[in-house]
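Enquirer: coordinates for the following, if possible.
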Amino acid sequence: MGKDELSRLSKIAKEASLLAGLKIMDIYNSDDFEVALKGDNSPLTKADKAAHNVIMSFLNSTGIPVLSEEGRDITYDERKGWEYLWIVDPLDGTKEFIKRNGEFTVNIALIRRNEPILGVVYAPVLDKLYTGAKGLGVTLAIGSNISKLARGKESDFLKPSLRVVASRSHLNIDTQAFLNQLVEPEIVSMGSSLKFMMIAEGMADVYPRFAPTMEWDTAAAHAILLELGGRVTNPSGEPLVYNKVNLLNPHFRAEL
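Expert: Here you go, the predicted structure:
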């Protein structure tokens, strides 16, 4: 896939995320989210479903198959031969949405042979749109103000006050052990895939994740960090891969 085609698909994904964000905000500003629990006890609102429908209306036109958190279950036998696929989380951070803290996103990623090559992350409340594609750089649009994000410098894990993305109130044993290896680390907190975007913007140095996530939680942000020279790796130091048999991610570390 050439840069022109990747740029065209990036534009479609951006338009999809912005319109999905408008639908989400209509419901966010209403009095009824219609909260239900899915089979894994995670929350689902009508905003998740509305955003999914909007995004599908855009991505279906590309002819590339879509794997969405709110879409139908697709067996590995059906998807294992796909060279390209979209991986979508229509509303990443549903718990943040319900809390009304604004820290939720729309995530759209394009995958080629298990690797994320395009990512769009849109935070509707903040009106921040992050877009990255292989060979095309990363842009951040805040309203009508668009800037290009620079490739980051590799973090020095020996320096004091390393900024670590983690929950101040829910540090699990593995995260605490990671922090104990550092010199006076500073904890910074954020919801949804905005955790990755803090690294992309230079507001954090590393995001260690020792709790379950799914491919649609990470794919779009992963593509953006890759284009900035960053990495998202499993405990063996290998990059996270996508369209696996099991869509559950291993534990990982995201950094530049």
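Enquirer: so what's Lys148 up against?
Expert: Applying Cβ atoms under 8 Å, 6 or more residues apart in numbering to Lys148 gives the contacts Gly137, Val138, Thr139, Leu140. To be clear about C-beta, it is placed using only N, CA and C from the backbone, and glycine gets the same treatment.
Enquirer: among the residues you listed, who's most crowded?
Expert: Neighbour tally across those (other Cβ atoms under 10 Å): the maximum, 22 neighbours, falls on Val138.
Enquirer: just list what the helix or strand that contains that residue packs against, helices and strands only.
Expert: When elements are assigned from DSSP states H and E, Val138 belongs to strand 137-142. When contacts are defined as 3 or more Cβ pairs under 8 Å, 6 or more residues apart in numbering; DSSP states H and E, strand 137-142 packs onto strand 128-133, strand 145-149, helix 215-227.
Enquirer: quick one on the thing from earlier: save the contacts of Lys148 as CSV, and put in distance to Leu182 too.
Expert: Formatted as CSV, the contacts of Lys148 follow (distance: Cβ to Cβ, whole Å):
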residue, distance to Leu182
Gly137, 31
Val138, 27
Thr139, 31
Leu140, 28
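Enquirer: ok, so of these, who is nearest Val206?
Expert: Val138 (18.3 Å; Cβ to Cβ).
Enquirer: who does the closest one form a beta bridge with?
Expert: Beta bridges link Val138 to Gly132, Leu149, judged by DSSP bridges.
Enquirer: so who does it touch?
Expert: Val138 touches Tyr130, Thr131, Gly132, Lys148, Leu149, Ala200, Ile224, Glu227, Leu228, counting by Cβ under 8 Å, 6+ apart.
Enquirer: in TSV: those, plus distance to Ser161.
Expert: Below are these laid out as TSV (distance: Cβ to Cβ, whole Å):
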residue	distance to Ser161
Tyr130	25
Thr131	30
Gly132	27
Lys148	27
Leu149	23
Ala200	20
Ile224	25
Glu227	27
Leu228	22
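Enquirer: give me the buried subset of these.
Expert: Tyr130, Thr131, Gly132, Leu149, Ala200, Ile224, Glu227, Leu228 (16 or more other Cβ atoms under 10 Å).
Enquirer: identify the farthest-apart pair in those residues.
Expert: Across the buried ones among the contacts of Val138 (Cβ to Cβ), the longest gap, 12.0 Å, separates Thr131 and Leu228.
Enquirer: got the contact list for the helix or strand where Glu78 lies?
Expert: Assigned by DSSP H and E, Glu78 belongs to helix 76-79. With Cβ under 8 Å, 6+ apart as the test, helix 76-79 has contacts from Pro65, Leu67, Leu85, Asn243, Val245.
Enquirer: give the rounded mean pLDDT of it.
Expert: Averaging pLDDT along helix 76-79 yields 97.
Enquirer: residue contacts, Leu110?
Expert: Taking Cβ under 8 Å, 6+ apart as the criterion, Leu110 is in contact with 6, 9, 13, 64, 84-87, 116-119, 133, 223.
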